[in-house]
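Undergrad: Quick one, what's the 3D model for this:
(chains A and B)
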Amino acid sequence: MKREERKLTTKQTKKFSFGEYWDRYSTITILALMVAVFGVLRPTSFLTGGNLVKVMEQSSITILLGLGEFFAILLGGIDLSVSSIMALSGALTAQLMVNMGLHPVVAVLLGIVVFGTLIGMVNGLLVTATGLPPFIITLGTQAILRSLVYIVTDARAVSGLPAAFSKTVGGKLGGIVPVPIVVALITAIILTFFTAKSQSGRNLYALGGNSQSAWYAGIAVKKHTILAFAISGLCASLAGMVNIARLAAAEPNAGTGYETYAIEAVIIGGASFFGGIGKIPKVVIGGLIIGVINNGLNMVGVSSYYQQLAMGCLLILAVTLDRFFGASRKNG
Amino acid sequence: MKPIIEMRNITKYFPGAIALNNIQFDVRPGEVHVLLGENGAGKSTLMKVLSGAYTPDEGVIAIDGHGEYPKLSPHLSAECGISIIYQELSVVNWLNIRENIFMGHLQTKKAGPLTLVDTARMNAETADLLQRVNLGHRQPTTEVGALSISEKQMVEIAKAIAFNARVIVMDEPTSSLTEDEVQRLFTIIRQLKAQGKGIVFISHKLSEIAEIGDRITILKDGGYVGTYDVQDLTTDDMVRLMVGREIKGTYQHPAAEHYQFGDVLFECNHLTRRDGKAKDISFALRRGEILGFSGLVGAGRSEAMCAIYGAAPKAEGELLMEGKPLHIKSPYDALQQGIGLVTENRRETGFFPNFSNRRNIAIAYQLKKSSFGGLGGITNDAKEKELAERQRDELQIKCTSIEQLTAQLSGGNQQKVILGKWMAAGVKLLIFDEPTKGIDVGTKSEIYKLMRSLADNGIGVIVVSSEMPELLGLCDRIAVMAGGRITAMYDIGEATEEKLAKAATGETA
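TA: Numbering: from 1, shown residues only, chains lettered A, B, ... in the order given. Here you go, the predicted structure:
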């Protein structure tokens, strides 16, 4: 009799499982809660169309960096150099336009392909060739690339970007939607397709889940590692383009410390730090959460000193909930 | 004689399932009590109750006939002298033997106001312990990473007796040992018995149970089947009680000696690894035939298979499939040319823990179809679903759905998922490395049947195994390796355990 009762209760709790709900909707729930709280506190200033578009625009750089960072974390690694790649690609592209008079389209293409993707590939090559943890390699390249920014810019801002460039990339599509949002969203859509549907995407998940099994299954481990870091570099350079367009100048200090935001966006977005688990749309939401916190706290009048504190608490809370309730983390 | 520990009416619920249902289990001093059951029968759960890791929902645990506890804490369990040696050994490889044994129990001495670590005393005690487990030739300061698996096990046993363990639980202690090492382990177990220790012995190898066990408790699907004297049961009885059905013993062609095999499917000529771990390996595999590889651990069997599969450092030699030369430099090449490898360690090299059964089954098929060396191509969910459902039905993979994580399945079903992966990819030759390691008897027999049906369907099957009865019951021909070379090749009609064992030491009969 007693045994049957127990069986019943376990069945009843199966109907609604917080673990399963949290596993699926954690990120969007956090975002909705944030928007709701700030919306109630500041209904007239925070919850307006104009402000929400502004939040999204401010988040676009974090989102772009996070989209790239996602691939490094998917492999169980990390890319600390995204902030430096963002600054270097921005500075070099600005110089190509300002000092060498290159057409903005050519300059941007060079910025993305050479200063973003290629540098990312170098990260990947160094990781596969040395066998060292990506943390160490990218900590090194972060410093090296930041130094290169100072060298090529002489530590001065590069200003006077062609209006055609800053008005387009920093402007609004149809006068309504800021282009940075469009760039971030299109990138996210392409990468969502890439991770969910392409064979390489699937291979990256496999590699992040178990690199030994991946090798034995016939997956080209080195090529895919290089690919992951190349995508990271590519996304970082897109952030670099957006950044110089919004400021109409390339600052040598641009993006310092932004790798932290990128990592936070990925982790709050529910990706596993041990690799193999995560989804691109959740990274976008993760980036938006960071944007909402910063914007919302400003609106409520909380000193900016407290913003990092809020971010830190949220990060630990979100991952703790994942740790204890995330259904997919429980094995056996 | 009073049992050291007695577990009465133990019941444990897991969400949605009963893991243990009214189990009786006791351990008397000086006996080897075998715990037998298929994977998922509840052996590990019961041992976790004993170690204090799990709290039973019902039942009591009595120690030395008195003191009835509703549960044990890890602390209390240790205090009662219960010591568990897990299948995945818990020694720390980069520490030496002494440090491993005294971890958490450092011996100290007073030197004036200071308390210092007494290395000399611990070294002496360690040397004494090593003598008792027949490891006298090892120094207390030897790094544990340099020891063989069997020696590491002995270090764990030494650690258990160092702190007066009265009940030592050994979870599949023989799964990675050679015949010789198993005998050495049994010698130690008999010594421990003589000293009045109670041994709980968990194993799937029935012949060993008959050899070393005194009493046996059989579990089935979380339920208690019974406790018997080992001498009263035949191995067939054990299987019947554990599985609830009779299991056929051999999977060869009827009268394999006279069976006409097809033409040569796969040929390996003078394969030599540059690192010397496999030398001058030559053999031919005919259609319809299962070829076994016997030998001691480290004889180069897995190493030779890795070289064929392209997973090893560079190797020279000629491989032919259906008479045409193969060019294999990586596992990807092997996959493209129709060769699959079921690796020895499922968890480490077999499947992806973050993937559903669907994805794990479809991965090889998709890689094979993809372009640019696996970098190009689009995945197809509908096709994956079709492949996975077909393999699930054909191989009878027990899972809640094809979307369930493979990591949540039992070992046997994980192995079936890996098998399904290769079948979905359409291989011509499938190499199995220790295919039934850690798999229960029921699933073992299913896997043997599947291997035989692969061979019957014209797929080449090669099996590397350290279990001679397995090879003798399954293969049509058996090659024996020693020191990286093939030392003998027997048709099944002439192969015996004695001949295989002899050839494995490097002597040819």
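
Undergrad: low-confidence ranges in the stretch 101-250 of chain A?
TA: Judged against pLDDT under 70, the stretch 101-250 of chain A has no low-scoring part.

Undergrad: Would you mind naming what in it lies close to chain B?
TA: Near chain B, the residues belonging to the stretch 101-250 of chain A are A:197-203, A:205-206, A:208-210, A:212-220, A:223-224, A:227 when assessed by C-beta under 8 Å from any C-beta of the partner chain. (Each C-beta comes from the backbone N, C-alpha and C, glycine too.)

Undergrad: Contacts only, for B:Glu394.
TA: Contact partners of B:Glu394, counting by C-beta atoms under 8 Å, 6 or more residues apart in numbering or on different chains, are B:420, B:423.

Undergrad: Tell me the spacing between it and B:Arg28.
TA: From B:Glu394 across to B:Arg28, the span is 47 Å (C-beta to C-beta, to the nearest Å).

Undergrad: buried subset of the residues of the stretch 101-250 of chain A next to chain B?
TA: A:198-203, A:205-206, A:208-210, A:213-220, A:223-224, A:227 (16 or more other C-beta atoms under 10 Å in any protein chain shown).

Undergrad: Give the rounded mean pLDDT of the strand or helix carrying A:Ser26.
TA: For A:Ser26, the element it lies in under DSSP states H and E is helix A:18-41. For helix A:18-41, mean pLDDT rounds to 87.

Undergrad: That helix and chain B in contact?
TA: No: remark: helix A:18-41 sits outside contact range of chain B, by C-beta under 8 Å from any C-beta, the gap being at least 10.4 Å.

Undergrad: Please see if the very next helix or strand once past that helix touches chain B.
TA: As assigned by DSSP H and E, the chain's next helix or strand after helix A:18-41 is helix A:49-74. No: contact of helix A:49-74 with chain B (C-beta under 8 Å from any C-beta) is absent, the minimum separation being 10.0 Å.

Undergrad: circling back to that earlier point, other SSEs contacting the helix holding A:Ser26?
TA: Using 3 or more C-beta pairs under 8 Å, 6 or more residues apart in numbering or on different chains; DSSP states H and E, the elements in contact with helix A:18-41 are helix A:280-300, helix A:307-325.

Undergrad: can you tell which of those helices is closest to chain B?
TA: Each of the helices and strands packed on helix A:18-41 has some distance to chain B by C-beta to the nearest C-beta; the shortest is helix A:307-325, at 13.6 Å.

Undergrad: Now tell me what touches stretch B:355-366 from outside.
TA: A:199, A:202, A:205-206, A:209, A:217-218, B:335, B:340, B:351-352, B:377, B:379-380, B:383-385, B:387-388, B:391-392, B:397, B:399, B:401-406, B:409, B:417-418, B:420-422, B:424-426.

Undergrad: Tell me the buried residues within those.
TA: Using 16+ other C-beta under 10 Å as the burial test, those include A:199, A:202, A:205-206, A:209, A:217-218, B:335, B:340, B:351-352, B:377, B:379-380, B:384, B:387-388, B:391-392, B:397, B:399, B:402, B:405-406, B:409, B:417-418, B:420-422, B:424-425 as buried.

Undergrad: need the helix or strand of chain B with the lowest average pLDDT.
TA: strand B:66-69 (a mean of 78; mean pLDDT, DSSP states H and E).

Undergrad: For the following helix or strand past that one, what does the pLDDT average out to?
TA: Counting by DSSP H and E, the next helix or strand C-terminal to strand B:66-69 is helix B:74-79. Mean pLDDT, helix B:74-79: 86.

Undergrad: Please name the nearest non-neighbouring residue to B:Val342.
TA: Sequence neighbours aside, B:Phe432 is the residue nearest to B:Val342 in space, at 4.7 Å (criterion: C-beta to C-beta, 6 or more residues apart in numbering or on different chains).

Undergrad: B:Arg132 touches B:Lys159, doesn't it?
TA: No: using C-beta atoms under 8 Å, B:Arg132 is not in contact with B:Lys159, being 11.8 Å away.

Undergrad: Run through who's touching stretch A:210-217.
TA: The contact list for stretch A:210-217 (C-beta under 8 Å, 6+ apart) reads A:75-76, A:203, A:206-207, A:221, A:224, A:276, B:311, B:331, B:335, B:341, B:343, B:348-354, B:363-364, B:367, B:421.

Undergrad: so how far is it from its chain's centroid?
TA: Put simply, stretch A:210-217 sits 27 Å off its chain's centre (C-alpha atoms, centre = their mean, to the nearest Å).

Undergrad: Could the C-alpha coordinates of it be exported in CSV?
TA: Output in CSV follows, covering the C-alpha atoms of stretch A:210-217 (Å, rounded to 0.1, in the frame of the first residue of the first chain):
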residue,chain,number,x,y,z
ASN,A,210,33.8,14.1,-26.5
SER,A,211,36.8,14.9,-28.6
GLN,A,212,38.2,11.3,-28.4
SER,A,213,34.9,9.9,-29.7
ALA,A,214,34.9,12.5,-32.4
TRP,A,215,38.3,11.5,-33.6
TYR,A,216,37.4,7.8,-33.6
ALA,A,217,34.1,8.6,-35.4
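
Undergrad: so who does the closest residue to B:Gly484 other than its chain neighbours touch?
TA: Closest residue to B:Gly484 in three dimensions, ignoring its sequence neighbours and counting by C-beta to C-beta, 6+ apart: B:Gly300, at 3.8 Å. Residues in contact with B:Gly300 (C-beta under 8 Å, 6+ apart) are B:277-279, B:481, B:483-485.

Undergrad: Out of those residues, which sit inside strands?
TA: Using DSSP state E, the subset of the contacts of B:Gly300 located in strands is B:481, B:485.

Undergrad: Same list (the contacts of B:Gly300) but as JSON lines, adding pLDDT and neighbour count.
TA: Below are the contacts of B:Gly300 laid out as JSON lines (pLDDT from 0 to 100; neighbours: other C-beta atoms under 10 Å in any protein chain shown):
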{"residue": "B:Lys277", "pLDDT": "88", "neighbour count": "20"}
{"residue": "B:Ala278", "pLDDT": "91", "neighbour count": "28"}
{"residue": "B:Lys279", "pLDDT": "92", "neighbour count": "16"}
{"residue": "B:Met481", "pLDDT": "93", "neighbour count": "27"}
{"residue": "B:Gly483", "pLDDT": "85", "neighbour count": "16"}
{"residue": "B:Gly484", "pLDDT": "89", "neighbour count": "21"}
{"residue": "B:Arg485", "pLDDT": "92", "neighbour count": "18"}
